[in-house]
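A.B. asks: Kindly generate the corresponding structure for this input.
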Amino acid sequence: MLFVSAQLAACSDAVDRDVDDAGARLDVGMSLDGSTFDAADGARDATHPPDARVELDAPAVDTGPPMIRCGADDARAVPCAASCDGPSRWYWNGDACFAIDCGACEGSDCASRGLSSEAECVAAHATCRSAQCESTGGTWMWWAEECGDYVCGRAPPADCESGRPACDCGPFRSFDPTRGCFDDRDCPIPEPVTRQELCTGTGGTWASICCDTECGVPCAAACAADACDCGPGRIFDEARGCMDGARCHERRVGETCTGVARCESGAICCQDCGGAGCFGDPTCRLPTCDDDPSFDACGNCVTCP
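C.D. replies: Prediction:
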């Protein structure tokens, strides 16, 4: 299932070029006669004196395809777009490619970052850490704020000033940026423990709830068997106990979209309200598109008292 979250302007006198994913930039100015100068101080190349004539009707230069970056594109589908007559394009949400149909796109990267097909988008981002992680069997934790990728199925020590998304390759595996997830022979073999010990030892509660909770939600089955309640936002892993789960951050239609979450493809996060005063948690819904200006894309009455 594809989930969307929801992240080059035309050249004038100066052109900004992306250098790498870390955000380093090289500012280069370009005059219409093709000479260059340092944008920081405006110093022109000595081979082109200041009084050189400029051809104002010089032909535009084709800059080629967009430079690929691994951070999320600032591009979002416009629900219920009034105009939908452009080509469909593929964008990158930081860990996967997603489509925006018929040019109904909003965001600063709509015009410059879109690619013509899913295959082109996937191939262009194949060397990104998130793609390397997912393609080798790992889980890209796009919501995480970790100090590094998981090692042997465990989060690294929290010894950094700010966290970032990370790759969880699972038990007995680690992540290498050049090859993705791999079987790590240096991973220690844990001592045998029962499910109850694994549950309570990782912050869960052992109770007669029939089966383990998922993201804090009890299962629908009715029985008296003991199972693990890991609490909101977490799932029970048979090898590692209670842990953060991707499923707990990805929302289907009808589910709440509070906190660090994103709705499934085609759905939008909507607040339940009609007119002044909103109540209840926002939920993921399919856009409500009609010609009645009294209702927004979430189906809320915007003119009701």
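
A.B. asks: Show me the domain layout of the protein.
C.D. replies: Per the record, the chain has its domains at 14-48+68-124, 133-183, 195-248, 260-305, by automatic domain parsing.

A.B. asks: I'd like these written out as a markdown table, with mean neighbour count and mean pLDDT added.
C.D. replies: The way it works is simple: take the backbone N, C-alpha and C, and place the C-beta from them, glycine included. As requested, these are arranged in a markdown table below (neighbours: other C-beta atoms under 10 Å; pLDDT from 0 to 100):
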| stretch | mean neighbour count | mean pLDDT |
| --- | --- | --- |
| domain 14-48+68-124 | 16 | 69 |
| domain 133-183 | 17 | 94 |
| domain 195-248 | 16 | 93 |
| domain 260-305 | 14 | 81 |
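
A.B. asks: Any idea which of those gets closest to residue 254?
C.D. replies: Across the domains of the chain, residue 254 has its closest neighbour in domain 260-305 (6.3 Å, C-beta to C-beta).

A.B. asks: Using a markdown table, please lay out the domains of the chain together with distance to residue 189.
C.D. replies: Below are those laid out as a markdown table (distance: least, C-beta to C-beta, whole Å):
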| stretch | distance to residue 189 |
| --- | --- |
| domain 14-48+68-124 | 31 |
| domain 133-183 | 9 |
| domain 195-248 | 11 |
| domain 260-305 | 33 |
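
A.B. asks: how close does residue 134 get to residue 186?
C.D. replies: 23 Å (C-beta to C-beta, to the nearest Å).

A.B. asks: Check residue 283 too.
C.D. replies: Counting by C-beta to C-beta - residue 283 and residue 186 are separated by 45 Å.

A.B. asks: Pull out the buried residues from stretch 250-260.
C.D. replies: 250, 251, 255, 257 (16 or more other C-beta atoms under 10 Å).

A.B. asks: my guess is the second one meets residue 259, correct?
C.D. replies: No: under the contact definition of C-beta atoms under 8 Å, residue 251 does not touch residue 259, with a separation of 10.0 Å.
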